[in-house]
Structures are given as C-alpha cells and as structure tokens.
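Participant: 3D, please:
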Amino acid sequence: MAKGLKTKHSVRKRFKVTGTGKLMVRKISGRSHLLAHKSPKRKRQLKRQPVLGPIATRKMKDLMHI
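Facilitator: The predicted structure follows:
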C-alpha cells in the first residue's frame, strides 16, 4: 500500500473481504423492512449474501486500497 492513501470508509463498511479475496455485500437489499407481504421463498433467497462480480470487485478494492 502506498503511503498517504486512505481507505474509503463508506466502502469498508459495506463490503467484507473473504479469504479468497472476493467481496461480499454486508447489507442485503430488500431484507430490512416490509417483509410481511414477501413470500417465504423470496425471503429465504434474500438471506444469502451476494458476492460482487469481478469488475465491481476490482473497483471496490481500488477504493479500499487492497
């Protein structure tokens, strides 16, 4: 890491780096409220933490200076 580069804290809070270097989204979209009208299948599928694709991962890692 180059001297003087600061991590974007907004990115650090939103993503978790896995052991293999992939980025997982911490908050799952659509899972915070208004769950009463959603089907059990939809809520169950929303439990899984999504992994970012390779292009988005590269951009976020650049912001995190990893």
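
Participant: got the phi/psi numbers for the residue nearest in space to the middle of the chain?
Facilitator: Closest to where the C-alpha atoms of the chain average out (C-alpha atoms, centre = their mean) is Val25, at 1.7 Å. Dihedral pair for Val25: phi -80, psi 130, per degrees, to the nearest 10.

Participant: Next one: it relative to Gly53, how far apart?
Facilitator: 11 Å (C-beta to C-beta, to the nearest Å). Every residue, glycine included, has its C-beta placed from N, CA and C.

Participant: same deal with Leu63?
Facilitator: Taking C-beta to C-beta, one finds Leu63 at 16 Å from Gly53.

Participant: Which of these two has more residues huddled nearby?
Facilitator: Leu63 (14 against 10; other C-beta atoms under 10 Å).

Participant: and the top helix by length along the chain, which residues are buried?
Facilitator: Secondary structure of the chain per DSSP state H: the longest helix is helix 54-64. Within helix 54-64, the residues that count as buried by 16 or more other C-beta atoms under 10 Å are Thr57, Met60, Lys61, Met64.

Participant: Dump those residues into a markdown table; add distance to Lys13 and pLDDT as well.
Facilitator: Formatted as a markdown table, the buried residues of helix 54-64 follow (distance: C-beta to C-beta, whole Å; pLDDT from 0 to 100):
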| residue | distance to Lys13 | pLDDT |
| --- | --- | --- |
| Thr57 | 17 | 93 |
| Met60 | 12 | 93 |
| Lys61 | 15 | 92 |
| Met64 | 11 | 90 |
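
Participant: Which of the residues you listed sits closest to Arg12?
Facilitator: Set against Arg12, the nearest of the buried residues of helix 54-64 by C-beta to C-beta is Met64 (6.0 Å).

Participant: what is in contact with Val25 and Gly53 at once?
Facilitator: Counting by C-beta atoms under 8 Å, 6 or more residues apart in numbering, no residue touches both Val25 and Gly53.
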